[in-house]
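Enquirer: Dropping a prediction and its sequence here:
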Amino acid sequence: MILRLIERTAVLLVSLAVSSVLVFGFMAVLPGDPARVALGVNASDEAVAELRRQFGLDRPLPVQYVDWLGGLLRGDLGTSYVSKVAIGPQVFDRLQVTLILVVAGMIIALLLAAPAGTVMAARHRRLSGFALSALSQVGVAVPAFLAGILLIMVFAVKLGWLPANGWTPPAEDPGMFLRQLVLPALSLGLVQGAVLTRYVRSAVLDVLREDYLRTARAKGLRPFPALWRHGLRNAAVPVVTVLGLQLATLLIGAVVVERVFVIPGLGSLLLDGVSNRDLLLVQDVVMVLVVAVLLVNFLVDLLYVALDPRLRTGAR
Amino acid sequence: MKTYTTRAVALVASAALLALTACSAGSSTSGGSSSGSGADQALSLGLVAEPASLDFTTTDGAAIPQALLGNVYETLVKQDDSGKIVPSLAKSWTVSPDRKVYTFDLVDNAKFTNDKPFTAADAVFSINRVKTGWTTSLKAAMDVVQDAKALSPTQLQVTLAKPSNGWLFRMTTRIGAMFSETGVAKLATEPVGTGAYKFSKWNRGDSIVLQRNDAYWGTKPFFQQITLKYFKDPTALNNALLTGTINVITTVQAPEALSQFTGNSKYQVLEGTTNGEVLLSFNNSKPVFRDIRTRQAIRQAIDHKALLDTCFAGRGKLIGSMVPPTDPWYEDLTAVAPYDVAKAKSLLQASGAAGATLRLRLPTLPYATSCGQVVKSQLEQAGLKVQIDQLEFPAAWLSTVFKNVDYDMSIIAHVEPRDLGAVFSPTYYTRYNDPELQKDLAAADAGDEAVQVDNMKKAARRLSEQAAGDWLFLLPNLIVADQNLTGLPQNAITENFDLSRLARS
């Protein structure tokens, strides 16, 4: 158990170090000069050089890297090249928005997938199971942004039930916050839910074939109570793995969905940063996303152990 | 088994119902900006590009002056709808006979939003600060100023090194914005000006909120609060108007989408002109473009009417040179290079460029991408080969085409006002070296109004005849707004979107 924890932590730290080098490297080779974008089309070469000096872009790359990494470790994300304000608070604000969106999407996905997947597995030889299965297949094929556009067309533009886009912080106006959250969370949740449904189905199907479940049935339990008491925890292990992977997909999906719904989250900050060549900001946001994904994977690893006692003994 | 399924279905159904009730409860307490008690006092405008900073003295880009100039900051002089220079913070001004000394009489009741009165000393500070504190390239427009001094709190004298009509015109742009000496510490986040609106809040990635400046020295504007909302995606912008989130689309980017508004009595659609000449630029430093016959051939190979219909839904205006109709020296020059494929082919044969391959390096902007395809197919009909490259805009395009001049042809809208001289100069990315043109431009800048108009006309005609580039069309000013909104600008010829005249009828 302890050994496993140490091993996973070491993997996490090495992955973080490698990805920080990669993120920094990609930014360094990106074409386009942040100083020139800030100064405009007619800026003289001297003015651009002066601004590059101010940004510290004239220093050797390893020095810039160490400086950046040191800042990150101290929790200082630096100052934006373009807006001249501290990056840390901006990223923190935007991260909250994106997390709300991702968590809401995840909840919808789970609410959808757990019952639907179980029903599909229990009835996999019947028409209702088959129909659900076909429906989930359609869901898997639709990208989140397309789902978003369709939802806007129907529920905002045609029916006028919900706002087409925008974002209100929950503290400012909770009602408006919820109304604006529904469509983007649905477009993330429906698609992810469809994917997850298929995993839940196959996990439950596997469990249904297990001996212990047959024993439970033989004891006289009916199919669903047997599954509920003896099967669901076992089915959860593979589903949690997928859930971890999906969180990463959801984070990336949120970047696109934020654009469709005009939501000021991490994704829109990232896109703005790229087009303004606010490289330090982009570097920070990408690193935050990388850290988030790696942390989720790390937690999923730990969660296995909690879910499956067999993994706790240390025997492999 | 049946009971469990039913229970699960009931659970999901009730959760969904709960969510919907929560939503409709929300809707009764908070409506969009177009309903509710203060609706007449508030207005939301949808814009395309969000500023990266609020400081246009150190950050370039059209988005900052679009939001702040004329609304938060004011200038001594401004442009009216017809392009004429009229008073603003300067009530009147005189020009010395040698056209080098400008004396401005300033209004005496203007106040900055930090409660400091506006005086000639602030004007001197603002003008001098362009040279010392600004870093964007636009600051060069102030180089001609030799000296600025306050003769009295309401009188300002500016002495130029040489006569320059261009200088007074540039004073209508952001270069002429008046700052308070004690209000420039946090320009990037807290702008301080004398305008009809004051800066209230910036929700980064979403909107800028302006409040009416109740201490404004001029006519008080109608709306108490104006929200400028930013949309990267044109469809999201259209949807926001259709669902009442915003009241105005300030720039319609995809004219094909206009049909959803034109037939609807809830909306008005305005169409006017802009300063945005969509230029098919030639890299005049390349040997293939040194022969005027090649350049003329390209101009005559393009069917501009068909191009405009295909790539901009027929909206916009054909101009034939680098001058929009709102400039005093505008002439319709579309007849200089009429569409004639046969002529184009023979010109290419004569210049030896027939069959040559040209790289058309396009910025990733919708109009450039779609017009680029039309240009390619039309030029290929005249016997040229065109290879299209897409470059991410702005960064990659700026560094490749603009800075390194690594291109044969490109397409971009030049939206700066009166930019003929700047765009066709030997140091600009067009690398257009024409001493004759420079002579006309210098004479126009130094002379009086009549001399200026005469020489600018000559310059525009020369550009067209020399085929220094090809002017595909002039971008239209397309606005869609709530039907009852008045005071919207018909033509977009200034850097700012004037909010002070907006009202409801």
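Expert: Thanks, I have the structure now.
Enquirer: Assign a three-state SS to the closest residue to chain B within the stretch 101-250 of chain A, would you?
Expert: Residue nearest to chain B within the stretch 101-250 of chain A: A:Gly175 (2.6 Å; Cβ to the nearest Cβ). Yep, even glycine has a C-beta here, placed from its N, CA and C like the rest. Of the three states, A:Gly175 takes helix under DSSP: H, G, I helix; E, B strand; the rest coil.
Enquirer: State the distance from it to A:Leu245.
Expert: 34 Å (Cβ to Cβ, to the nearest Å).
Enquirer: Which one of the two is surrounded by more residues?
Expert: Counted by other Cβ atoms under 10 Å in any protein chain shown, A:Gly175 and A:Leu245 do not tie: A:Gly175 has more neighbours, with 19 against 16.
Enquirer: Just the helices from the stretch 151-300 of chain A, written as ranges.
Expert: Ranges of helices within the stretch 151-300 of chain A are A:174-208, A:211-218, A:223-226, A:232-260, A:266-275, A:279-307, based on DSSP state H, counting those that start in this stretch.
Enquirer: could those be laid out in a markdown table, adding mean pLDDT?
Expert: A markdown table is the format used below for the helices of the stretch 151-300 of chain A (pLDDT from 0 to 100):
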| stretch | mean pLDDT |
| --- | --- |
| helix A:174-208 | 88 |
| helix A:211-218 | 80 |
| helix A:223-226 | 74 |
| helix A:232-260 | 81 |
| helix A:266-275 | 85 |
| helix A:279-307 | 85 |
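Enquirer: Point out where chain B drops to low pLDDT.
Expert: Counting by pLDDT under 70, the ranges of chain B that qualify are B:1-40.
Enquirer: For it, which residue occupies the most central location?
Expert: B:Val415 (4.9 Å; Cα atoms, centre = their mean).
Enquirer: Once you drop chain neighbours, what's closest to the closest residue to chain A within the stretch 301-450 of chain B?
Expert: Closest residue of the stretch 301-450 of chain B to chain A, Cβ to the nearest Cβ: B:Ala395 (2.7 Å). Closest residue to B:Ala395 in three dimensions, ignoring its sequence neighbours and counting by Cβ to Cβ, 6 or more residues apart in numbering or on different chains: A:Gly32, at 2.7 Å.
Enquirer: if I've got this straight, the one you found is in a helix?
Expert: No. Judged by three-state DSSP, A:Gly32 forms no part of a helix; its state is coil.
Enquirer: That one contacts B:Lys403, doesn't it?
Expert: No. In this structure, A:Gly32 is not within contact of B:Lys403 by Cβ atoms under 8 Å, at 9.6 Å.
Enquirer: before we move on, back to that, quick one: closest of the helices of the stretch 151-300 of chain A to A:Leu95.
Expert: For those, proximity to A:Leu95 was assessed by Cβ to Cβ; helix A:266-275 is nearest, at 5.5 Å.
Enquirer: Just the CA atoms of the closest one, as CSV, please.
Expert: Coordinates of the C-alpha atoms in helix A:266-275 are reproduced here as CSV (Å, rounded to 0.1, in the frame of the first residue of the first chain):
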residue,chain,number,x,y,z
LEU,A,266,-9.9,28.9,-18.6
GLY,A,267,-10.5,27.9,-22.2
SER,A,268,-11.4,31.4,-23.4
LEU,A,269,-8.4,32.8,-21.4
LEU,A,270,-6.2,30.3,-23.2
LEU,A,271,-7.5,31.2,-26.7
ASP,A,272,-7.2,34.9,-26.0
GLY,A,273,-3.7,34.4,-24.7
VAL,A,274,-2.7,32.4,-27.8
SER,A,275,-4.0,35.1,-30.2
